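**Student:** this one's structure only:
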């Protein structure tokens, strides 16, 4: 897979905004409103095939929502733009915007959705389901798949290191990852194997594991390389043996399957409680627990990156941390600033920006700008994780923007358009596959056109 090259057009956009004296905050508003304008054009284009409200509805929603989420100065700026848009709506072109410049247009398929596809299927039926789903994603403009092949210390592929995944029945002789790879590559789609490095089975599931697996041995021996948090077991990243097992699992996948990359998400330290690693911390003789934990995660991520590159330099290692930079650093000890500024940790960073434009704490546009600001290494590509699962839902943590997803169900399409206009963003990833498939025709068509399909 060729390394993604940054778009010169995005650079020109940034230069032009700077030349006009536009602040970073105002730049976000400009790009946000550009996404609204483009989406208005999309609405006009698709109105013949689906029953939908027109561009005036989108403008009306912004007018109703923005005062609660923006400052007085920002409100004035947006109001001016909205008024201008309202007076020019009738002049909007019915042509689609130019093809998107996003190199990566991806979707996450979590283990729960994989499990639904596996349920009750022989290989032929499973392959049929996989092919149908992949064709649907491709029709939306998706070109990359992140498939969950280890969600809880398990495997949905042939593994000597981790037990069979709970959704993969013992009487299903076929290999789910092999089927997905064959069907994805036949369609020209890239497929990355998504693993959770530290999260393992529940306590009940652990008792059911048959076989001499290392994680089971640690639990049986009451070795603190495995720690129970609530009802679930987690590997303790403080130990070299744990990091070695995680990396061995990565090597196993790369050696046995022609995946295009390895991907991990935001499951690092599951708790800030000192009891999680008290013995390991004491044995290490470290003075600052937060610094020590952060270094443990840095070593894990660096080791996974090195493992991928030692197998094949062309394969991608990507990380999808939670959307809040502060939460990564303070709650999970994930040093995303370091990973985005220095070589040797990752190729792609994909923050989960599962926020609306008017989220009170983490508004999408401003949060995306914060992430762009910390990606200072030209070798690292920034993608934006976008939530389709929130469409139509009340967002309990969004403050004044809690109802945004219920009144504007085209937010994912708007965020894709925003990402396409934003300097330094090279892709988007939708979460999740199941919720994307369940969107209405209107909502899927908006995503389809936003992705240039």
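**Tutor:** Nice, thanks for sending it over. Note that this is a predicted model, so its numbers are computed, not measured.
**Student:** ok, for the residue nearest to the spatial centre of the chain, nearest residue in space, not its chain neighbours?
**Tutor:** Central residue of the chain (C-alpha atoms, centre = their mean): residue 385, 3.9 Å from the mean position. Of all residues not flanking residue 385 in the chain, residue 352 sits nearest, at 4.1 Å (C-beta to C-beta, 6 or more residues apart in numbering). (Each C-beta comes from the backbone N, C-alpha and C, glycine too.)
**Student:** cool, residue 197 as well?
**Tutor:** Nearest non-adjacent residue to residue 197, counting by C-beta to C-beta, 6+ apart: residue 246, 4.5 Å away.
**Student:** thinking that neighbour is in contact with residue 305, fair?
**Tutor:** No - taking contacts as C-beta atoms under 8 Å, residue 246 lies outside contact range of residue 305: 11.9 Å.
**Student:** could you pull out the strands for the chain?
**Tutor:** 104-109, 144-150, 190-195, 199-202, 226-229, 232-235, 261-264, 316-319, 348-349, 381-387, 425-431 (DSSP state E).
**Student:** can you redo the ones you listed as a markdown table with distance to residue 397 and mean pLDDT?
**Tutor:** Shown next, in a markdown table, are the strands of the chain (distance: least, C-beta to C-beta, whole Å; pLDDT from 0 to 100):
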| stretch | distance to residue 397 | mean pLDDT |
| --- | --- | --- |
| strand 104-109 | 20 | 98 |
| strand 144-150 | 24 | 98 |
| strand 190-195 | 25 | 98 |
| strand 199-202 | 22 | 98 |
| strand 226-229 | 22 | 98 |
| strand 232-235 | 23 | 98 |
| strand 261-264 | 24 | 98 |
| strand 316-319 | 23 | 98 |
| strand 348-349 | 23 | 98 |
| strand 381-387 | 12 | 98 |
| strand 425-431 | 16 | 98 |
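**Student:** and those strands as CSV, adding distance to residue 116?
**Tutor:** Formatted as CSV, the strands of the chain follow (distance: least, C-beta to C-beta, whole Å):
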stretch, distance to residue 116
strand 104-109, 10
strand 144-150, 12
strand 190-195, 16
strand 199-202, 19
strand 226-229, 27
strand 232-235, 21
strand 261-264, 20
strand 316-319, 24
strand 348-349, 27
strand 381-387, 19
strand 425-431, 16
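**Student:** So for residue 366, which of those sits nearest?
**Tutor:** strand 381-387 (12.9 Å; C-beta to C-beta).
**Student:** and the residue nearest to residue 324 when sequence neighbours are not counted, how many residues sit next to it?
**Tutor:** With sequence-adjacent residues excluded and distances taken as C-beta to C-beta, 6+ apart, residue 324 is closest to residue 362, at 6.1 Å. Counted with other C-beta atoms under 10 Å, residues neighbouring residue 362 total 22.
**Student:** ok, residue 362 touching residue 326?
**Tutor:** No - applying C-beta under 8 Å as the test, residue 362 and residue 326 come out as separate, 9.8 Å apart.
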